[in-house]
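In: need a 3D model of the sequence below.
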Amino acid sequence: MSTFTQKLNPITGNFEWILQNEDYDYHQEVARSSYADMLHDTERNKKYEAALKVAIDYLHQKGQKANVLDIGTGTGLLSMLAARHGADSIVACEGCSKRSTDLTVGENDDDDMRIRANILVTEVFDTELIGEGALNTFKKAHEELLEKDCIVIPHSAVMYAQIVEGPLVQNWNNLKNVYNEDGELLLKIPPKVKECPGDVAVHDIQLSQLPVEFIKTIVSPRVVFHFDFSGKTPFLYDRENVQTIKVERDGVAQAVFMWWDLVMDINNEITLSCAPYWAHPDYNKNNKDIPWRDHWMQAVYYLPKDIKVTKHEQIHLISCHDEFSVWFNIKKDLESISEEDYIRPFCYCNLHSTYPRTRIGQLNDGVRSKKYVALLEKYITKESVVLILSHGFHHGLVAAKLGAKKVVCVEPSLLSRSFMKSIVAHNDLDTVEVIESVSDLHELGNGLKFNIVFGEPHYGTSIVPWDNFRLMYLLKPFKDFCDDNIQVFPKGGIIKGMAVEFRDLHKIRAPLTECEGFKMGPFDELIEMSSSISDENVEAQPLWEYPCRALSQPVAIAKVGLEKHDINDVCTTGNFNLEG
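Out: Numbers count the residues shown, from 1 in each chain. As a prediction, the model looks like this:
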């Protein structure tokens, strides 16, 4: 049986109805999962296995049976490892069919477990440690599914925080003013946007890949939370704490880096660390090969305000978490800390809730910004009537500052329109109109003729990078409002391709074949089948289909010009080089 599903067409930005298999959503979920990446994590697998062996041997030496409960079993790897080392019974639970919080213990036919388990093994963690609901999972398991004197794998977790100054990192959160090449201020960002603390949602990142010259440590890594999963202590976690710490160097406290370690066994001898290389227990100058993971990275949290500090000064780090999220704050005066300083940050400026952090960083790219401004300075005159066809491209508003007669910015998204309007109002740009679609042009008066179209290759509905190269398609509905001598910028683009070899990244999609001695053929076949089904008709209008070639240097594989006579055609281009 088939069903109609809505699918975003990245070229038009519209949703279209496509006939799909009734299990399409299921297959899409399976195909896009990163389970394989996690199972490729050899260190993770081996440390879970080592902890299981310790637990099972310990119980057997005491003359007890080892009854294992595996929560979030996935492929069943941890259950099979438990069986390998002599577990007497194993119950494996996977959320696709039944969540562990719904399991029951008893002698009735409809009960899931006959007896409580005395070993719990689970991997319900994300980059933020608790984002998948780990705290409630452990709590419910201890209350209803586990013996009082049980062994839990992992045994506990430790969360670390490092306070840093990092302009590169801050570029992903705070939007900058726009200047030209001579340093002249052209566009001011409203205080509401500049002072917004941003979104508390975790910004997961490979911290080891950040250039060290762009990071200044204000306070070295320190433990901020300890989570005891063993059940030996009351199952209550400190949701907040304040630590008084000494600043290590002059600077500006802007962000907090966070990661965590798992203590796997009851002897506290097996540790699995997610630290970046500079804080990793296994790192040294002779051994830089620490485990790489895409399923567990590190996290960046942005402080509500930049805090200027001096060496040896005492500051107070406020660390907070709820059931799923973590956040931080810093105060200089302990006596001034109030209830508000513990409140979870939220975005009130529409920037952080509208655009991903990579987009904010892109808008803050000074080199990129100055090229756009230089292009506008060259072509904008008092007779310019400008149409901006990009999402959240506030640089285009500089055209009004440079004296353009009229600037019309098309923003289909309500939140994006609100953000752009806030910049227009703050800079008193009375020649700018921010509209939703071409239908709104009729309200702006008869005789409106655009003679310049400006579009940055970025659209919020894009899926793959080249989906951003659709300026001419978007321009087509506006052709009746375009002057015969219209100029379109950018004028062309190039897509370049280069063959590369990844040491680790390929694991996200690489077949498993075998994992810790277990054949994983059925799992690989499931992923392959689901990928085939979910990818069918994924691209309603494929943009590029090129055979792979081995390349040692970037090579242009497509080049398209955008000229005025192309307006009636649907054209797509590649990585734009602005012509000026």
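
In: for this protein, longest helix please?
Out: Determined from DSSP state H, the single longest helix within the chain is helix 42-61.

In: for residue 246, give me its contacts.
Out: When contacts are counted by C-beta atoms under 8 Å, 6 or more residues apart in numbering, residue 246 touches 219, 312-314. C-beta here means a position set from N, CA and C on the backbone, and glycine is covered the same way.

In: most widely separated two among the residues you listed?
Out: Distance extremes for those: the farthest pair is 219 and 312 at 11.8 Å, using C-beta to C-beta.

In: now for those two: what residues contact both?
Out: Common neighbours of residue 219 and residue 312 are listed as 246-247 (criterion: C-beta under 8 Å, 6+ apart).

In: neighbour count winner among these two?
Out: A side-by-side neighbour count of residue 219 and residue 312, using other C-beta atoms under 10 Å, places residue 219 first with 21 against 10.

In: please, which helix or strand holds the residue nearest to the more buried one when sequence neighbours are not counted?
Out: Computed as C-beta to C-beta, 6 or more residues apart in numbering, the closest residue to residue 219 that is not its neighbour in sequence is residue 163, at 4.0 Å. When secondary structure is defined using DSSP states H and E, the element that contains residue 163 is strand 156-165.

In: show me what that strand is packed against.
Out: In this structure, strand 156-165 makes packing contacts with strand 216-228, strand 251-263, strand 314-321, strand 326-331, judged by 3 or more C-beta pairs under 8 Å, 6 or more residues apart in numbering; DSSP states H and E.

In: and the following helix or strand past the shortest one, average pLDDT?
Out: So that's strand 326-331. Reading on from strand 326-331 to the C-terminus, the next helix or strand found by DSSP H and E is helix 357-363. Averaging pLDDT along helix 357-363 gives 92.

In: ok, and what's touching helix 357-363?
Out: By C-beta under 8 Å, 6+ apart, the surrounding residues in contact with helix 357-363 are 171-176, 203, 351-352, 355, 368-369, 392, 394-395, 458.

In: apply 10 Å and report the result again.
Out: The set of residues that contact helix 357-363 without belonging to it, under C-beta atoms under 10 Å, 6 or more residues apart in numbering, is 168-176, 178, 198-199, 201, 203, 205, 300, 302, 351-352, 354-356, 368-369, 391-395, 456, 458, 460.

In: are any of the residues you listed buried, and which?
Out: Members of the contacts of helix 357-363 that pass the buried threshold by neighbour count (16 or more other C-beta atoms under 10 Å) are listed as 169-176, 178, 198-199, 201, 203, 205, 300, 302, 351-352, 354-355, 369, 391-395, 456, 458, 460.

In: re the thing from before, buried sites along the longest helix of the chain?
Out: Here helix 42-61 shows 44-45, 47-56, 58-59 as buried, counting by 16+ other C-beta under 10 Å.

In: what pLDDT, on average, does the one helix or strand residue 36 maps to get?
Out: Following DSSP H and E, one finds residue 36 within helix 35-39. Mean pLDDT, computed over helix 35-39, is 80.

In: by contact count, what packs against it?
Out: In this structure, helix 35-39 makes packing contacts with helix 42-61, helix 77-84, helix 521-535, judged by 3 or more C-beta pairs under 10 Å, 6 or more residues apart in numbering; DSSP states H and E.

In: least confident of these, on average?
Out: When the mean pLDDT of each of the helices and strands packed on helix 35-39 is compared, helix 521-535 ends up at the bottom with a mean of 79.

In: re earlier: could I get the helices and strands packed on strand 156-165 as CSV with distance to residue 377 and mean pLDDT?
Out: Listed next are these as CSV, based on distance: least, C-beta to C-beta, whole Å; pLDDT from 0 to 100:
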stretch, distance to residue 377, mean pLDDT
strand 216-228, 35, 96
strand 251-263, 32, 97
strand 314-321, 44, 97
strand 326-331, 40, 96
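
In: for residue 188, find the nearest of those.
Out: For the helices and strands packed on strand 156-165, the distance to residue 188 is smallest for strand 251-263, at 21.0 Å, taking C-beta to C-beta.

In: parallel or antiparallel, which strands does the helix or strand that that closest one is followed by pair with?
Out: Beyond strand 251-263 in the direction of the C-terminus, DSSP H and E gives the next helix or strand as strand 271-273. Counting by DSSP bridges, the strands paired with strand 271-273 are strand 251-263 (antiparallel).

In: now do the buried residues in the strand it pairs with.
Out: Neighbour-count burial for strand 251-263 [16+ other C-beta under 10 Å]: 251-263.

In: a helix runs through residue 208, doesn't it?
Out: Yes. The assignment for residue 208, made by DSSP: H, G, I helix; E, B strand; the rest coil, places it in a helix.
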